[in-house]
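Participant: pasting the sequence and the predicted model now:
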Amino acid sequence: MTIPEPREATAPPSVKPLPPEAYVRMTLVLRVGLGLSLAILIGSLGAYIMTHPGATSGSVLSANPILGYLSFPGLGSGLASGSVEAFLTLGLVVLVATPLVRVLSGFYYFRQGGERTMTAITLAVLGMLLFGLLVIGPWVR
């Protein structure tokens with residue numbers, strides 16, 4: 001009895017592999033978003049500590065200093081006035097937006113590559129992220 005030789009796995013001819021630059025760009029989105037968010041958060045946290053030297057973690061959490069900046073008009077006016085709390089909020093917004101942008105870029109590249117299954121999965125992930133942010137988030141708050 002002979003054992004058949006294993007065949008090399010090949011992708012169906014209709015599926016094109018994603019170009020390497022797609023993976024590089026999607027990775028770059030995560031790195032730049034995380035780096036930018038950390039820079040904003042570390043800088044604004046340092047400024048907050050310098051402007052509120054007597055603040056304790058309990059007093060800061062009970063006062064919730066970013067609450068007034070959780071809307072776009074509030075964040076915009078806070079950033080325009082140079083509010084440290086608005087910059088803390090901006091750092092958090094960039095941190096939350098980073099995976100959304102990554103998922104959107106994945107959706108774009110999978111759609112361009114003709115990968116229907118991955119496009120559908122990425123679209124489902126995007127839907128879950130948006131549902132969590134726009135429906136469950138405000139409900140919990």
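Facilitator: Right, received. Where do you want to start?

Participant: can you pull out the helices in this protein?
Facilitator: Applying DSSP state H to the chain gives helices spanning 20-51, 57-63, 72-81, 84-113, 116-131, 137-140.

Participant: relative to Thr2, which of those is closest?
Facilitator: When the helices of the chain are compared by CB to CB, helix 116-131 sits nearest Thr2, at 35.6 Å. Glycine gets a C-beta too; all of them are placed from N, C-alpha and C.

Participant: so which elements touch that closest one?
Facilitator: Applying 3 or more CB pairs under 8 Å, 6 or more residues apart in numbering; DSSP states H and E, we find helix 116-131 packed against helix 84-113.

Participant: pLDDT weak spots in the chain?
Facilitator: 1, 4, 6-16, 141 (pLDDT under 70).

Participant: swap the cut-off to 80 and go again
Facilitator: 1-19, 61-62, 137-138, 140-141 (pLDDT under 80).

Participant: next one: Glu115 from Ser59, what distance?
Facilitator: Going from Glu115 to Ser59 by CB to CB, to the nearest Å gives 51 Å.

Participant: and those two? Which one has more around it.
Facilitator: Each of Glu115 and Ser59 has its neighbours counted (other CB atoms under 10 Å); Glu115 has more, 19 against 11.

Participant: the more buried one and Leu34, how far apart?
Facilitator: Relative to Leu34, and taking CB to CB, Glu115 is found at 26 Å.

Participant: OK, contacts around the nearest residue to Leu95 once chain neighbours are set aside?
Facilitator: Spatial nearest neighbour of Leu95, excluding adjacent residues (CB to CB, 6 or more residues apart in numbering): Ser37 at 4.0 Å. Applying CB atoms under 8 Å, 6 or more residues apart in numbering, we find Ser37 in contact with Gly91, Leu92, Val94, Leu95, Thr98.

Participant: do that again at 6 Å, thanks
Facilitator: Gly91, Val94, Leu95 (CB atoms under 6 Å, 6 or more residues apart in numbering).

Participant: if I look at it, how far off is Leu92?
Facilitator: From Ser37 across to Leu92, the span is 8 Å (CB to CB).

Participant: same check, this time on Ala47
Facilitator: Distance of Ala47 to Leu92, given as CB to CB: 15 Å.
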